[in-house]
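**Q** Below are the sequence and a predicted model for it; my questions follow.
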Amino acid sequence: MPKVIKEDLDQLRSKLIVTLEKSEYEPKFNSELTRFRNRAQLKGFRKGKVPSSFVKKMYGESIMADLINNLTGESVEKYLETEKIEILGGPIPAEGQAGLDLDHNEMKDYTFEFEIGRKPDFELEGLSKSDLIEWHDVELKEEWIDEEMKQLHNWAGERQPTGEAMKEGDMIEFSGVELQDGAPKEGGLNIKFKVLFNNLSDEAKAILEGKKLGDVVRLDVFKLEKNASPKSVRKYILELDENDKREVSEVFELTVEEVTRIIPVELTQEKFDQYFGPDKVHSEEEAREHFKTALKEYYNKQADNIFFKSALDYLYDKNDIQLPDTFLKRWLKVTGNKISDKEIERDYAYYAESLKRRLITRKIVEKFDLSVNEEEILNQLKSDLKRTIGGGMYYDDAFFENTAQMVYKEEKYKKMVDESADAVISDKIFHTVKDNIGVIEKPIKADDFLELVRATNEKFEEEKAANQRLFGADEEE
């Protein structure tokens, strides 16, 4: 194994000097060269009979580079593990380290220098009952519960034709004729489609306002629905195959063939059971109470998120965590998304702040010995599945149990399992913070709380955007 020597550059930066002697890599190089020779199939030679000199000339340089990179990488990794040195980012070539100048024809000893940034050690301050953080008790709006009841009635209602003017919630069926210069286009399209009034663009709503069964309008079908792409219009409204590249006029003459509207019906026990699950709700009063409880749980969760972010802000201020900034900026330059020094300086503060917060949460995990087990991951998976499927469709616990077990075992769902594990540990960190810090419950009006959420999310998006600019993908360490 190559020899590794550490030289400290400052409190949080070190240089690793790796010496790789000829005797440590030459036998492996020759062995790899033989392996290539045995499987090489080159014109004019039988398999395995290519001269060694020829193989060495063709593949020697790449074999040597891969071998030395692997040996030095493994030696650095083993050294850090043995010496229990925790680092940020990863090792990078030390300043002044020349590029690899390898000669596979003349074996010799090599010395490589790497720089590392060490993880700062600190004692966590600010996590006690004398440290006070506000938790917001959101005052629900009655209109929110009214809206939930409205959606319940719409779900339970029956859609029936109406001769009245169209309005929000209505489904409109149109027949249409393609126009050219104000007249039906010869050989043009004749179409028939349905669209929900709520999905219409503001421009289309202005034209269709007050229209009812039998009325005729002329409008641009490509501007009929809000946020509809030309591709989706051609596919779903004009019903053209994706290979059909014909030019189509924008303006069509549309006739209102039918307007249907949801007519409320009595909420029977069967409807309650379908929407909420068997025997959960038995009356509209209980339905309102169910929605109120669900909304309260939702906003309590939002309040928890705000509380946790506030607590991390507080801990961030209470703990003066030093980072190997010089190293990290170089590391970002070497491993980042082809970014300039100017771009690194612009976004580094966001990255450094998010990194310090991660160090704080990891310190909490270490201090309170937090961990995740299989049962907890499965329970989280079941919860995630229930939330994803949602709606009025009801599945029993056995369905979610079996699906969670399948997801947990299948390699293709590893990302989903990892996300569930992260959710479990994040929840444990949150409860650990809330249990060990002073909490002040403070009532807050709904509008004020929503503004607080907006501002918090805005800051999060700024940090996320900065890290994406640095890495070109999700934030990394």
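**A** Received, thanks. All figures in this text were calculated on a predicted structure; none of them were measured in a lab.
**Q** Residues contacting the lowest-mean-pLDDT helix or strand in the chain, please?
**A** Between all helices and strands in the chain, the lowest mean by mean pLDDT, DSSP states H and E belongs to helix 22-39, at a mean of 85. With C-beta atoms under 8 Å, 6 or more residues apart in numbering as the test, helix 22-39 has contacts from 1-2, 47-48, 50, 52, 55-56, 59-60, 63-64, 67-68, 71, 104, 107-109. Every C-beta, even on glycine, is put in place using the N, C-alpha and C of the backbone.
**Q** if you set the cut-off to 10 Å instead, what comes out?
**A** Helix 22-39 is contacted from outside by 1-3, 45, 47-52, 54-56, 58-60, 62-64, 66-68, 70-72, 75, 104, 106-110, using C-beta atoms under 10 Å, 6 or more residues apart in numbering.
**Q** After that helix, which helix or strand is next?
**A** Sequence-wise, the next helix or strand downstream of helix 22-39 (DSSP states H and E) is helix 52-82.
**Q** What average pLDDT does whichever helix or strand comes after that following helix get?
**A** The helix or strand immediately downstream of helix 52-82 is strand 87-93, counting by DSSP H and E. When pLDDT is averaged over strand 87-93, the result is 93.
**Q** Ok, stretch 164-172 next?
**A** The average pLDDT within stretch 164-172 is 95.
**Q** what residues are up against Y59?
**A** If a contact means C-beta under 10 Å, 6+ apart, then Y59 has 32-33, 36-37, 40, 104 as its contacts.
**Q** want to throw these into a markdown table with distance to Q322?
**A** Putting the contacts of Y59 into a markdown table (distance: C-beta to C-beta, whole Å) gives the following:
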| residue | distance to Q322 |
| --- | --- |
| E32 | 44 |
| L33 | 48 |
| F36 | 49 |
| R37 | 53 |
| A40 | 54 |
| H104 | 44 |
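**Q** any chance you could map the strands in the stretch 201-350 of the chain?
**A** All strands of the stretch 201-350 of the chain, identified by DSSP state E, counting those that start in this stretch, fall at 216-220, 251-263.
**Q** I'd like those strands as CSV, with mean pLDDT, distance to L381 and mean neighbour count appended.
**A** Below are the strands of the stretch 201-350 of the chain laid out as CSV (pLDDT from 0 to 100; distance: least, C-beta to C-beta, whole Å; neighbours: other C-beta atoms under 10 Å):
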stretch, mean pLDDT, distance to L381, mean neighbour count
strand 216-220, 96, 46, 15
strand 251-263, 96, 35, 18
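**Q** give me phi/psi at the closest residue to L267 other than its chain neighbours?
**A** If the residues on either side of it in the chain are set aside, L267 comes closest to A156, at 5.7 Å by C-beta to C-beta, 6 or more residues apart in numbering. Here is the backbone geometry of A156 (degrees, to the nearest 10): phi -80, psi -20.
**Q** try the one 3 residues further on
**A** Backbone dihedrals for R159, given as degrees, to the nearest 10, come out at phi -80, psi 120.
**Q** Is the residue nearest to it when sequence neighbours are not counted bridged to anything, and to what?
**A** Distances taken as C-beta to C-beta, 6+ apart place T260 nearest to R159, at 4.6 Å, with adjacent residues excluded. Counting by DSSP bridges, T260 is bridged to P161, M171.
**Q** so what's T260 up against?
**A** By C-beta under 10 Å, 6+ apart, the contact list for T260 reads 158-162, 166, 169-173, 194.
**Q** separation between the residue nearest to L267 and F399?
**A** 24 Å (C-beta to C-beta, to the nearest Å).
**Q** The two: who's more crowded?
**A** Between A156 and F399, counted using other C-beta atoms under 10 Å, the more crowded position is A156 (19 against 14).
**Q** Let me see the contact set for the more buried one.
**A** For A156, the contacting residues are 262, 264-268, 270-272, 274-275, 392, by C-beta under 10 Å, 6+ apart.
**Q** If you rank these by neighbours, which is first?
**A** Neighbour counts for these, by other C-beta under 10 Å, peak at F272, which reaches 22 neighbours.
**Q** Check whether that one really touches A287, as I assumed.
**A** Yes - judged on C-beta atoms under 10 Å, F272 makes contact with A287 at a distance of 7.0 Å.
**Q** list residues touching both of the two?
**A** In terms of C-beta under 10 Å, 6+ apart, F272 and A287 are both contacted by the residues 152, 280-281.
**Q** and the two most separated of the contacts of Y59?
**A** The span of those, defined through C-beta to C-beta, is set by A40 and H104 at 16.3 Å.
**Q** which SS class is V177?
**A** Taking DSSP: H, G, I helix; E, B strand; the rest coil as the rule, one finds V177 in the strand state.
**Q** partner residues bridging it?
**A** Residues in a beta bridge with V177, per DSSP bridges, are N190, E253.
**Q** Mind pulling up the pLDDT for it?
**A** 97.
**Q** again with L470
**A** Confidence score, pLDDT, at L470: 87.
**Q** is it true that it touches E345?
**A** No - using C-beta under 10 Å, L470 makes no contact with E345, being 11.3 Å away.
**Q** who's more crowded, the two?
**A** Set L470 next to E345 and count neighbours by other C-beta under 10 Å: L470 wins out with 23 against 10.
**Q** just checking, what packs against the host helix or strand of that one?
**A** Secondary structure from DSSP H and E places L470 in helix 446-471. Using 3 or more C-beta pairs under 10 Å, 6 or more residues apart in numbering; DSSP states H and E, the elements in contact with helix 446-471 are strand 132-139, helix 284-318, helix 325-335, helix 341-367, strand 438-445.
**Q** can I get these in JSON lines with mean pLDDT and distance to F222?
**A** Output for the helices and strands packed on helix 446-471, formatted as JSON lines (pLDDT from 0 to 100; distance: least, C-beta to C-beta, whole Å):
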{"stretch": "strand 132-139", "mean pLDDT": "97", "distance to F222": "42"}
{"stretch": "helix 284-318", "mean pLDDT": "96", "distance to F222": "38"}
{"stretch": "helix 325-335", "mean pLDDT": "92", "distance to F222": "44"}
{"stretch": "helix 341-367", "mean pLDDT": "94", "distance to F222": "38"}
{"stretch": "strand 438-445", "mean pLDDT": "97", "distance to F222": "43"}
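**Q** Nearest to G188, out of the ones you listed?
**A** helix 284-318 (49.4 Å).
**Q** who does that closest one touch, helix- and strand-wise?
**A** If you count contacts as 3+ C-beta pairs under 10 Å, 6+ apart, helix 284-318 packs onto strand 132-139, helix 142-156, helix 269-276, helix 341-367, helix 414-436, strand 438-445, helix 446-471.
**Q** Show me what counts as buried in it.
**A** Buried residues in helix 284-318, counting neighbours by 16 or more other C-beta atoms under 10 Å, are found at 287-288, 290-291, 295, 299, 302-304, 306-308, 310-312, 314-316.
**Q** which residues does the residue lying closest to I364 once chain neighbours are set aside contact?
**A** Leaving aside its chain neighbours, I364 sits nearest to I429 (5.4 Å; criterion: C-beta to C-beta, 6+ apart). Neighbouring residues of I429 by C-beta under 10 Å, 6+ apart: 308, 311-312, 360-362, 364-365, 368, 370.
**Q** What about the closest residue to E203 other than its chain neighbours, how many residues nearby?
**A** In space, E203 comes closest to K223 once its chain neighbours are excluded; the distance is 5.7 Å by C-beta to C-beta, 6+ apart. Per other C-beta under 10 Å, the neighbour tally for K223 reads 17.
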